[in-house]
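Q: A predicted structure for the sequence below; I have some questions about it.
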Amino acid sequence: MSCNLTLGRLEPCKDKVGGLKAVYFINYQPLEVTNGSDGEITDITEADGTTEPTGYKYDLRGTNSFEETINASRENGTVFFEQVLSLQLKGLTKEMHKQLKLMAYGRPHVIVEDNNGAYWMMGLEHGCEVTGGTVATGAAMGDLYGYTITLTAQEKEPANFISVTNDIDDHITIVAGS
């Protein structure tokens, strides 16, 4: 049967840390991915099969998180995976205002990079929706002057790990901010 387990798991070492390092937004489009033997993505191209997609890089520090929830219904015989990305982007600018609007109007794919050097593809099939956020000037001098953004994806499969030998630019063309 295709849903039988194939591996056990030992208790891992305590050598990992939490938090996110960066995210890469790819405008929604059909993507072709090649998967390795463990389901990890080994190659990403646009639908033409030859062109790397463009990823717009956002560096992160502080309170940012990625969480995936398994939603299963025995009664309906269904399972789906809800992926939630919570970002806190410091600083308000007219340029970021425009990008936030475009992000909310679209449904980008998002590559998430954590502080351990792991990468995941969020919203691979259906893209990600901006489901909430704020633009805040803060009340006190030490408060956030920036944006909070929540993106959510619902997918048939969990977020795939992306196999990276050197850097994510093996798979996408990166456009970094200034």
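A: Perfect, thanks for sending it.

Q: what helices or strands is the strand with the most length in the chain leaning on?
A: Identified as the longest strand of the chain according to DSSP state E is strand 78-90. In terms of contacts (3 or more C-beta pairs under 8 Å, 6 or more residues apart in numbering; DSSP states H and E), strand 78-90 is packed against strand 65-73, strand 146-155. Placement of C-beta: from N, CA and C, glycine included.

Q: Show me what the helix or strand following the last one packs onto, helices and strands only.
A: In other words, strand 146-155. Per DSSP states H and E, the first helix or strand lying C-terminal to strand 146-155 is strand 160-161. The contact analysis (3+ C-beta pairs under 8 Å, 6+ apart) places strand 160-161 against strand 119-122.

Q: Counting by contacts, list what the strand it packs on packs against.
A: Contacts defined by 3+ C-beta pairs under 8 Å, 6+ apart place strand 119-122 against strand 109-114, strand 160-161.

Q: Show me what whatever helix or strand comes next after that strand is in contact with.
A: Next helix or strand after strand 119-122 toward the C-terminus (DSSP H and E): strand 129-136. Contact partners of strand 129-136, identified using C-beta atoms under 8 Å, 6 or more residues apart in numbering, comprise 92, 97, 100, 103-104, 107, 143-153.

Q: Name only those of the residues you listed that count as buried.
A: 100, 103, 107, 144, 146-149, 151-153 (16 or more other C-beta atoms under 10 Å).

Q: Just give me the closest of those residues to Ile162.
A: Ile162 lies nearest to Ala153 out of the buried ones among the contacts of strand 129-136, by C-beta to C-beta, at 15.3 Å.
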